[in-house]
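S.K.: sharing a sequence plus its predicted fold:
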Amino acid sequence: MSQCFVDTGDFETLIDCSKPQRILVGRTGAGKSALIANLKNSEDNVIEITPENLSLNFISNSDMLSTLEKAGVKLDIFYSLLWKHVFTVELLRYKYDLSNEENTKKWSFSFLSALNKKDQTKERALNYIRDWGDKFWYQTEYRIKEVTQKLEGELKSSLGTNIELLKSETNIGIKGSEEKKFEVISKAQSVVNSIQVKLLSDVMRLLAEEVFNDPKQKYYVVIDKLDENWVESELRYRLIRSLIETVKSFRVIPNVKIVVALRLDLLRSVFERTRDSGFQEEKYQSLLLPIHWDKRVLEDLLNKRVAKFTSEQYTKRPLTLRELFPESISRERFVDYLFNRTLYRPRDAIAFVNECLKQAYGQTKIMVQTVRLAEIEYSAQRFDYLCYEWGDHFPNLSQYLPLLEKMPNSFKLSSMSKLKIDEFCLQHCINDSENSKDPIIRAGNAYLNNNSLHAFIIVLVKALFQIGAIGIKTDSFSGQIWSFLGTRTPSDGQIKPTSEIFVHPMLWSRLGVNPK
């Protein structure tokens, strides 16, 4: 459906290599993948890297690297080296068509011969290309394994059998053993820190000055689907953090842009899980391109899709959204009724319209009753999709989202049923719940162990606010706030028994909420 693409104003920013924004950030269904697809369709030189094809599980399956990480050795420099190496080779492969061994050997000889070797920095870069260049035609996964095995070899050579000290737990607490262990960790960290990152910085300078130096020729490397299970979670967070650092460093090549799509909740998790001393989230803000939609642009998108659908199925003249649907529902303009049941993202709006079209099969115009029937299924889908979307953060969401069932569409926090909460906690928050991955289950366990009811409600409200299920008016002097409109989650102190909660209309049907 590329012909239905609607630019929110972000596409021009994305293709402009001089603009710092290169990390697309938005919730699931916000249109990140559509922007990347449009980039691939409209630009000549686009290289796509798929995370699952990188064989990064090779790293997580490395006993040596796992042992070092558990012992406290920081491998971030190594992860950055991996990304830089992958991007460098992919760019050279693409530009010079290094698709087989013969092409690669010819290119390597002519490239190395043509460059001025008097510059010491370039000489170091040329040595790097000389060392690795004959394998540039191999698949990316081979290079991941090759670089990892090279580091493992250097670590084995430096540490020898001492690495077994890091695996052993039998001598923990014995002074001499602890000192020896600390010495091995320090030595391992030195080996990791000495890998060829500086050399790759020289290579990047070489690429900027000698290879990708034509301002009329722009090159893009795109990475999407980082939220999928391409590697185990904790390693994924560190790899994405290193990827962000690498994206930043590649700005030294003005005519190359690394474009990454990241789900907003995944980005937040990366920052939370990899936060260390000296970490400053602000220094990454200039790289981010948050994707936001408003009613006008969403309606434009839907008009294009409806026009295409109706011209193919029903009429020669394409119809608009307003022509096909009723003018109003419950004294509310249909377009407002529709968008108020979305999180202002294309996927929600398209899903609602598609469900209406499905229910209206064979009709020439969609009636109010058809929309209401479609909303029953749409609301159930949104419930399920929220549980799927936020499964990593709130794996038990489907168990406590029903705490909103049969509530009014707005209510004071103090009116939440203690009986209902007690039933939920007794059913789901006992046994080993204090170790649950879900913060609400842990809070429920704490409540059962004499923590206050309000403390549990605060944790619950913050979670439901974060996923977009509810909005909140913290006090009589404030307005409604919603996470999907870009507002931060309120603090514990702002959430009071007198605060007013608003259930999102997209869930009213599924939860049996009374719209008053």
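M.R.: Happy to help now that I have it.

S.K.: what sits against the closest residue to residue 243 other than its chain neighbours?
M.R.: With CB to CB, 6 or more residues apart in numbering as the criterion, residue 243 has its nearest non-adjacent residue at 5.4 Å, and that residue is residue 83. To be clear about C-beta, it is placed using only N, CA and C from the backbone, and glycine gets the same treatment. Residue 83 makes contact with 239, 242, 243, 246, according to CB atoms under 8 Å, 6 or more residues apart in numbering.

S.K.: cool, residue 320 as well?
M.R.: So, once contact is read as CB under 8 Å, 6+ apart, residue 320 ends up touching 303, 306, 307.

S.K.: now the residue lying closest to residue 152 once chain neighbours are set aside: which helix or strand?
M.R.: Leaving aside its sequence neighbours, residue 152 sits nearest to residue 64 (CB to CB, 6+ apart; 5.2 Å). Element membership of residue 64 [criterion: DSSP states H and E] is helix 63-71.

S.K.: is residue 107 in contact with residue 99, as I believe?
M.R.: No. Judged on CB atoms under 8 Å, residue 107 makes no contact with residue 99 at a distance of 10.7 Å.

S.K.: who has more neighbours out of these two?
M.R.: Using other CB atoms under 10 Å, the more surrounded residue of residue 107 and residue 99 is residue 107, with 20 against 12.

S.K.: ok, and the closest non-adjacent residue to the more buried one?
M.R.: Using CB to CB, 6+ apart, the nearest residue to residue 107 is residue 96, at 4.8 Å.

S.K.: residues of the host helix or strand of residue 348 that come out buried?
M.R.: Element membership for residue 348 (DSSP H and E) is helix 346-359. Neighbour counts using 16 or more other CB atoms under 10 Å place 346, 347, 348, 349, 350, 351, 352, 353, 355, 356, 357, 359 of helix 346-359 among the buried residues.

S.K.: next one: stretch 317-332
M.R.: Of all the residues in stretch 317-332, those buried under the rule 16+ other CB under 10 Å are 318, 319, 321, 324, 325, 326, 329.

S.K.: just the pLDDT at the fourth one, thanks.
M.R.: The predicted structure scores residue 324 at 88 on the pLDDT scale.

S.K.: how about the contacts made by it?
M.R.: By CB under 8 Å, 6+ apart, residue 324 lies in contact with 306, 310, 365, 366.

S.K.: and residue 295, what does it touch?
M.R.: Residues near residue 295 by CB under 8 Å, 6+ apart: 335, 336, 339, 344.

S.K.: try it again with 6 Å
M.R.: Listed by CB atoms under 6 Å, 6 or more residues apart in numbering, the contact set of residue 295 reads residue 339.

S.K.: what do you get for the one 5 residues further on?
M.R.: Applying CB under 6 Å, 6+ apart, we find residue 300 in contact with residue 6.

S.K.: host element of it?
M.R.: Per DSSP H and E: helix 295-313 holds residue 300.

S.K.: quick one: average pLDDT of that helix?
M.R.: pLDDT averaged over helix 295-313 gives 82.

S.K.: any idea of the angle it forms with helix 346-359?
M.R.: 40 degrees (axes from the mean of the first three to the mean of the last three CA atoms, to 10 degrees).

S.K.: hmm, back to that, which among the contacts of residue 324 end up buried?
M.R.: Here, 16+ other CB under 10 Å leaves 306, 310, 366 buried among these.

S.K.: for residue 296, see how far away the second one is.
M.R.: Summarising the geometry, the distance separating residue 310 from residue 296, computed by CB to CB, to the nearest Å, is 21 Å.

S.K.: now swap in the first one and tell me
M.R.: Residue 306 sits at a distance of 16 Å from residue 296 (criterion: CB to CB).

S.K.: repeat that for the last one.
M.R.: With distances taken as CB to CB, residue 366 is found 21 Å from residue 296.

S.K.: quick one, the helix or strand where residue 91 lies and helix 63-71 angle?
M.R.: If you go by DSSP H and E, residue 91 is part of helix 76-96. Using the same axes, to 10 degrees, the inter-axis angle of helix 76-96 relative to helix 63-71 is 130 degrees.

S.K.: and the next helix or strand past helix 76-96?
M.R.: helix 101-114.

S.K.: just the buried residues of the helix holding residue 64, please?
M.R.: Buried, per 16+ other CB under 10 Å, within helix 63-71: 64, 65, 67, 68, 69, 71.

S.K.: for the stretch 401-516 of the chain, just list every one of the strands.
M.R.: Ranges of strands within the stretch 401-516 of the chain are 410-412, 470-473, 500-503, based on DSSP state E, counting those that start in this stretch.

S.K.: reformat the ones you listed as TSV; add mean neighbour count.
M.R.: As requested, the strands of the stretch 401-516 of the chain are arranged in TSV below (neighbours: other CB atoms under 10 Å):
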stretch	mean neighbour count
strand 410-412	16
strand 470-473	21
strand 500-503	20
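
S.K.: residues near residue 237, how many?
M.R.: Under the criterion other CB under 10 Å, the count of neighbours that residue 237 has is 18.

S.K.: contacts only, for it.
M.R.: So residue 237 contacts 270, 273, 274 (CB under 6 Å, 6+ apart).

S.K.: and the first one, how close does it get to residue 303?
M.R.: When CB to CB is the yardstick, residue 270 and residue 303 sit 37 Å from each other.

S.K.: next secondary structure after the lowest-mean-pLDDT helix or strand in the chain?
M.R.: Here the helix or strand of the chain ranked lowest by mean pLDDT, DSSP states H and E is helix 120-132, holding a mean of 66. As assigned by DSSP H and E, the chain's next helix or strand after helix 120-132 is helix 140-159.

S.K.: now do the helix or strand that comes right after that next one: distance to the chain's middle.
M.R.: The helix or strand immediately downstream of helix 140-159 is helix 163-167, counting by DSSP H and E. A distance of 35 Å separates the centroid of the chain from that of helix 163-167, by CA atoms, centre = their mean, to the nearest Å.

S.K.: ditto for stretch 467-484
M.R.: 24 Å.

S.K.: can you list contacts of it?
M.R.: Under CB under 6 Å, 6+ apart, the answer for stretch 467-484 is 343-344, 386, 390, 464-466, 487, 490, 494, 499-504.

S.K.: re earlier: any buried residues in the helix holding residue 300, and which?
M.R.: By neighbour count on 16+ other CB under 10 Å, the buried set for helix 295-313 is 297, 298, 299, 301, 302, 303, 304, 305, 306, 307, 309, 310.

S.K.: correct me, but the second one touches residue 349?
M.R.: When you say that, I think you mean residue 298. Yes. Between residue 298 and residue 349 there is a contact at 5.3 Å, judged by CB atoms under 6 Å.

S.K.: could you pull up phi and psi at residue 17?
M.R.: phi -70, psi -20 (degrees, to the nearest 10).

S.K.: nearest spatial neighbour of it, chain-adjacent residues omitted?
M.R.: residue 257 (4.7 Å).

S.K.: show the average pLDDT along stretch 203-220.
M.R.: pLDDT averaged over stretch 203-220 gives 89.
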